[in-house]
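Q: Have a look at this fold, sequence not included:
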Ligand code: ADP
Ligand code: MG
C-alpha cells in the first residue's frame, strides 16, 4: 500500500493514531529499515506467521486505541515455540481487554525478535513557532529519566544530523564504550535525514516516534513506530 492509502484508510475510519504495522509500512516506504511485521487476527495465524518468520518472535497488540503497548501488557518478547506464541496471544488479548475494555483490537502484530543493539530514538513533534522539530536520543531510561536528547528544526542539513548525534551526553556509548562494538554513526545520520525528508513530504503527520531503533555496527533497524496524524 502506498503512503497516502495508509493515511486515507486511517482517516476514513476516524483514526488519528496509526497502528504499529501501518506506521512501520510508512517509514519503510521512506527508506528506513524496519523489522518485518505482520498482522495476525487469530491465534492460529499468529503461530503460523511465527513459524514462517522463524523463532524467536515478538507479539504485540495491534490496536489504534493503545498508545503504549507494553504498559497495557501488550508486548511479549523472545517467543521461541508455537506454544509460547499461542499463550502470548491469549495473554496479550486478556491483558489489554482488561485494561482498556473499550479498545478496538485488530489482532496482534508478529515480528522477528531483533538481535540486541544500542537502542536509540528518533522523534518528531510540531512546535507552534518552529513547525516540525526532530529529536534524537538514546532509548530506554536515558531518554525517559535523563532526557538526554537533542533537537533540530526540519528540514535538517547533513551537518545538523551529524551534530545532533554528537551532542548528546551518551554519545560515547555509540562510539563503542568499554569494548562494545561502535555503532554505524554514518548510517544513523542518514536515517535522521530520511526522517527529515519524510516529515517534509507528509505534512499530515503530526507526531512520529521511532522508539526504539536498534543501532548496530552495520546498520540499524526500527522495531517500533508510532505515527499520529493531524486532525482530519
Ligand atoms: P511500546 O513502546 O508501545 O511499549 P515497543 O514496540 O517499543 O512497545 O516494545 C517495547 C520494548 O520491547 C522495546 O522498547 C524493545 O526494547 C523491545 N522490543 C520491541 N520489539 C522488539 C523486537 N522486534 N525485537 C527485540 N526487541 C523488541
Ligand atoms: Mg516503543
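A: Cool, got the structure. Just so it is clear, the model here is predicted, and its values are computed rather than measured. Ligands and ions are numbered 1, 2, ... in the order given.
Q: For the closest residue to residue 130 other than its chain neighbours, give me its contacts.
A: Distances taken as C-beta to C-beta, 6 or more residues apart in numbering place residue 153 nearest to residue 130, at 5.0 Å, with adjacent residues excluded. For the C-beta atoms, the positions are set from N, CA and C on the backbone; glycine is no exception. Neighbouring residues of residue 153 by C-beta atoms under 8 Å, 6 or more residues apart in numbering: 130-134.
Q: where do the helices sit along the chain?
A: With helices called from DSSP state H, the chain shows them at 3-12, 20-29, 43-53, 82-99, 141-144, 158-166, 171-174, 185-201.
Q: tell me the most buried of the ones you listed?
A: helix 20-29 (a mean of 21; mean count of other C-beta atoms under 10 Å).
Q: and this protein, which residues reach ligand 1?
A: Contact residues (C-beta under 6 Å from any ligand atom) of the chain with ligand 1: 35, 58, 60, 68-70, 75, 77, 111, 113-114, 211-212, 223-224.
Q: Next up, the contacts around the nearest residue to residue 81 once chain neighbours are set aside.
A: Spatial nearest neighbour of residue 81, chain neighbours left out: residue 55 (6.6 Å); criterion: C-beta to C-beta, 6+ apart. Residue 55 makes contacts with 79-81, 113, as judged by C-beta under 8 Å, 6+ apart.
Q: ok, the one helix or strand in the chain whose mean pLDDT sits lowest near ligand 2 or not?
A: Across the helices and strands of the chain, mean pLDDT, DSSP states H and E gives its lowest value to helix 141-144, namely a mean of 76. No: using C-beta under 5 Å from the ion, helix 141-144 stays clear of ligand 2, coming no nearer than 10.7 Å.
Q: now swap in stretch 14-32 and tell me
A: No: contact of stretch 14-32 with ligand 2 is not found when judged by C-beta under 5 Å from the ion; the minimum separation is 8.5 Å.
Q: Run the chain-centre distance for that stretch.
A: 9 Å (C-alpha atoms, centre = their mean, to the nearest Å).
Q: Name every strand pairing with the longest strand seen in the chain and say which way it goes.
A: Scanning the chain for the strand with the most residues, using DSSP state E, yields strand 205-216. Sheet pairing of strand 205-216 (DSSP bridges) gives strand 118-127 (antiparallel), strand 219-222 (antiparallel), strand 226-229 (antiparallel).
Q: any idea how far residue 68 lies from ligand 2?
A: Going from residue 68 to ligand 2 by C-beta to the ion, to the nearest Å gives 8 Å.
Q: what does residue 209 give?
A: 7 Å.
Q: for residue 176, same thing?
A: Residue 176 is 25 Å from ligand 2, by C-beta to the ion.
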